[in-house]
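Asker: sequence below, structure please.
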Amino acid sequence: MTVTEDLRVRGIVVACGDDAAGFEEVDDVESIRVPSRPGKAEIDPLLGEHDHLVVSGTDADLAAVVVRLLRKDAISGVSVGFVPSSPDSVVGALWGLPKTPLRALALALRGEVDPVPLIRDDVGGVLVGRGQLRLVRGVAYADEQVALRGPAASIEVLPDPGGPGMAVRVVKGTIFKRPSTLYSRAFQIGCIPTRPVRDDVVFERAVNKWTWYRHTEDLRLVRGAG
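Answerer: A predicted model of the protein is given here:
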């Protein structure tokens, strides 16, 4: 089976978890299956052989792969394509990726690199889609701007290419939800203990402070015309 005619195939498809499409049936496409949210043992050996990875899986799977690129200082040297396993992928919607797997694969394999902001946190993780703080109370800043002083129903952080790096959306009311959005390079909060959510994964412990900030290098995401 072919994806498109005259497809310039490069890299390897990293199929994360049982639900991710491995594309073993697609001609000339190398594919490897790894666990959900793969780590050092699965990703690091690929980095010496490939300068382009196509991640098939969830937003959290993509984030796990990007963490390995960050740890291996490979952000600037490895491009990344993404085939979302769910049509509800925040990353897919954020960067306009095709919702059908074969179209997403075709773009991921032959599309153009169009760098996007890479968001990090202060505990060694990354944010490729949506970060959330729910039912939180504290003081928060988006750069020098006061984002919150008191309670909020939710705070949502997303990468944003049109400004300094991220969009911070604060919903203060639980009944009359009137969100405010700020744009900044960094977001930090001191608060009563809460468990942040990164790309739909709840952090393993409660924290009373948290920071998201734009990395000095962008993620070399393939999202341009194929």
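Asker: domain ranges for this structure?
Answerer: With automatic domain parsing as the criterion, the domains of the chain are listed as 12-117, 126-214.
Asker: how far does the last one sit from its chain's centre?
Answerer: From the chain centre to the centre of domain 126-214 is a distance of 16 Å (CA atoms, centre = their mean, to the nearest Å).
Asker: how far does that domain stretch from one end to the other?
Answerer: Using CA to CA, to the nearest Å, one end of domain 126-214 lies 10 Å from the other.
Asker: need the longest strand for this structure.
Answerer: strand 145-159 (DSSP state E).
Asker: which residues sit against that one?
Answerer: 90, 94, 116-119, 127-141, 165-174, 177, 182, 184, 187, 189, 212 (CB atoms under 8 Å, 6 or more residues apart in numbering). Every residue, glycine included, has its C-beta placed from N, CA and C.
Asker: list phi and psi for the residue positioned nearest the centre of the chain.
Answerer: The centroid of the chain falls nearest to Val128 when counting by CA atoms, centre = their mean (1.6 Å). For Val128, the backbone dihedrals are phi -100, psi -20 (criterion: degrees, to the nearest 10).
Asker: just the pLDDT at it, thanks.
Answerer: Note for Val128: predicted pLDDT of 98.
Asker: that one: what's it in contact with?
Answerer: By CB under 8 Å, 6+ apart, the contact set of Val128 is Asp59, Leu62, Ala63, Val66, Val91, Leu118, Ile119, Pro159, Asp199, Leu219.
Asker: how about Ser184?
Answerer: Going by CB under 8 Å, 6+ apart, Ser184 touches Ala142, Asp143, Gln145, Gly163, Pro164, Gly165, Met166, Val168.
Asker: tell me which strands the helix or strand harbouring the last one pairs with, and in which orientation.
Answerer: This means Val168. Secondary-structure assignment from DSSP states H and E places Val168 in strand 166-171. Strand pairing for strand 166-171, determined by DSSP bridges: strand 145-159 (antiparallel), strand 180-184 (antiparallel).
Asker: just give me the longest helix of this protein.
Answerer: Ranked by residue count under DSSP state H, the longest helix found in the chain is helix 59-71.
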